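Q: only the shape, not the letters, is given here:
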């Protein structure tokens, strides 16, 4: 199926709005499923969007751009994956192949935009010195424009190439390539888990990792009931330690090392 | 964080307020602070490698500062220059800190600039600690896994559940400049005392969830089978699952954990996982 001009513009807009929300308004910028479903809705298959969004969501759990670091854009991956899957009519894992490849590109785009923004920051202070406060504020918008264009361009390019051309590329791929990628889809969530473990004091609270593991792997509880039990444990911990802040202060260092 | 050139150039011109202690009467209203909250949504979009979020601070505070320095052009410029210094914080909690800093500046004007900068730089780390661990990792991890599992079964409820949580945080963050301004440094410093214990409690919650996610989110299945005589042994079910359920996800997590700890590039790790998967797929080691 080929996309209409209106659909192409709308999907690109969704990508742009997503980027604006992810690092600006921050209402639901990490919600992979939401944005992929929206993209799917525009091109006529929200269900595929939801499935691909869910797969990418699991891969991106715990992957957060803390302290100004750059991480792959799994939501760009989900949007591109949805578009490719629907337009080519191929299997979802095939669409994800292209989506993830494009999503990895974001790390480069992110670095370029944050470097270009240095120029914006200097301009801003220049205008402040000259007393041109209107321009000082206006020039700040270069930031969001660069970020959103950086997000929309790769998505636009994939859509403009068109389903037939993408299909030709995909058909040339051997089975181990796409098969390997769907296996990788199952393994990639470890990256987020390992990142979370690096941010958190895993040595201090290793027992809780074990408790969570057993509740899930052996007892088969879902994430929500486990999160509720964990919340109860956290509350008890807070109650018993909040009274003695001096003792706790010693261990506060190294809790989060994102700066 | 004193700035020699700034103070030596500008010290003689610093205006002193009409009050006996040299302070000024505060002028900012709730409306001004709500405007700061809205404009602070520029957030990470102003990020640059030199001053990080400083451009967004200028963007957010410009109008409020203009009101404070209504008849002091030089004071306004000095203040903007101060706002343009290196700063980084998890944006949704940043309003508490920046609001408290504005409260100082509203009373002290230029005389308070150093205190403003000390407060911002001194507390941005612990504020981000709490903001990053809850808003940028814990909420997305818990709500994200719920949304994803429901979506896999074709149920969109999880999406809206998370959207609702996001809207509540959004509303709170729009208004927290007022909280920061009203309670000023006292709130921030009391909070800073409690943050370590609170962060630890959040770590208890977070690590339990991570422990639960490793065997459920990560899926690695070994496809090898061994034939001994007429007995066929499935490596995954017959050996690995007998040793420990989810042993492969645990091993993989541990390996990547060590790699990240040793500062191996994230993209390199991801590409390596993809390549290894393809090789194992070609030889049928993993299915």
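A: That came through fine. The model shown is predicted, which means the values in this text are computed figures rather than measured ones. Residues are numbered from 1 along each chain as shown, chains lettered A, B, ... in the order given.

Q: below-threshold pLDDT in the chain: ranges please.
A: No chain in the question, so chain A it is. Counting by pLDDT under 70, the low-confidence segments of chain A come to A:244-259.

Q: sorry, I should have been clearer: chain B.
A: Judged by pLDDT under 70, the stretches of chain B that qualify are B:1-12.

Q: could you redo the last one with a cut-off of 50?
A: Along chain B, segments meeting pLDDT under 50 span B:1-8, B:10.

Q: mind listing the helices for it?
A: With helices called from DSSP state H, chain B shows them at B:4-10, B:30-39, B:54-68, B:73-83, B:91-108, B:113-131, B:139-152, B:157-217, B:241-243, B:247-261, B:266-282.

Q: same check, this time on chain A
A: Counting by DSSP H, chain A has helices at residues A:5-20, A:32-42, A:46-60, A:74-88, A:92-130, A:133-139, A:142-161, A:163-171, A:175-187, A:189-199, A:206-217, A:223-242, A:245-249.

Q: which positions in the third one come out as buried?
A: Within helix A:46-60, the residues that qualify as buried are A:46, A:48-60, counting by 16 or more other Cβ atoms under 10 Å in any protein chain shown. Any C-beta I mention is one placed from the backbone N, CA and C, and that applies to glycine too.

Q: again, but for stretch B:239-254
A: For stretch B:239-254, by 16+ other Cβ under 10 Å, it's B:240, B:245, B:246, B:247, B:248, B:249, B:250, B:252, B:253.

Q: what of stretch A:234-242?
A: Buried residues in stretch A:234-242 (16+ other Cβ under 10 Å): A:234, A:237, A:238, A:241.

Q: how about the last one: what's its closest non-neighbour residue?
A: Spatial nearest neighbour of residue A:241, chain neighbours left out: residue B:197 (4.8 Å); criterion: Cβ to Cβ, 6 or more residues apart in numbering or on different chains.

Q: same thing with the third one?
A: Once its chain neighbours are removed from consideration, residue A:238 has its nearest residue in residue B:201; the separation is 3.8 Å (Cβ to Cβ, 6+ apart).

Q: what's near enough to touch that neighbour?
A: Going by Cβ atoms under 8 Å, 6 or more residues apart in numbering or on different chains, residue B:201 touches A:234, A:235, A:237, A:238, A:241.

Q: among the buried residues of helix A:46-60, which are in reach of chain B?
A: Contacts with chain B are made by A:50, A:51, A:53, A:54, A:55, A:57, A:58, A:60 out of the buried residues of helix A:46-60, judged by Cβ under 8 Å from any Cβ of the partner chain.

Q: neighbours of the nearest residue to the second one once chain neighbours are set aside, how many?
A: Excluding its sequence neighbours, the residue lying closest to residue A:51 (Cβ to Cβ, 6+ apart) is residue A:92, at 6.1 Å. A count of neighbours around residue A:92, defined by other Cβ atoms under 10 Å in any protein chain shown, yields 19.

Q: confirm for me that residue A:92 is in contact with residue A:49.
A: No. Residue A:92 lies out of contact with residue A:49 (Cβ atoms under 8 Å); the separation is 10.4 Å.

Q: how is chain A divided into domains?
A: As given by automatic domain parsing, the domain ranges for chain A are A:5-188, A:200-249.

Q: need the winner for burial among those.
A: Mean neighbour count (mean count of other Cβ atoms under 10 Å in any protein chain shown) peaks for domain A:5-188 among the domains of chain A, with a mean of 21.

Q: first to last residue in it, what's the distance?
A: Counting by Cα to Cα, to the nearest Å, you get 34 Å between the two ends of domain A:5-188.

Q: and it, how far out from the chain's middle?
A: Offset of domain A:5-188 from its chain centre (Cα atoms, centre = their mean, to the nearest Å): 8 Å.

Q: so which of the helices of chain B is nearest residue B:17?
A: helix B:91-108 (7.9 Å; Cβ to Cβ).

Q: and the angle from the closest one to helix B:54-68?
A: Interaxial angle of helix B:91-108 relative to helix B:54-68 (axes from the mean of the first three to the mean of the last three Cα atoms, to 10 degrees): 30 degrees.

Q: name the helices or strands packed onto helix B:91-108?
A: helix B:30-39, helix B:54-68, helix B:113-131, helix B:157-217 (3 or more Cβ pairs under 8 Å, 6 or more residues apart in numbering or on different chains; DSSP states H and E).

Q: if we go to 7 Å?
A: helix B:54-68, helix B:113-131, helix B:157-217 (3 or more Cβ pairs under 7 Å, 6 or more residues apart in numbering or on different chains; DSSP states H and E).

Q: sounds good, over and out.
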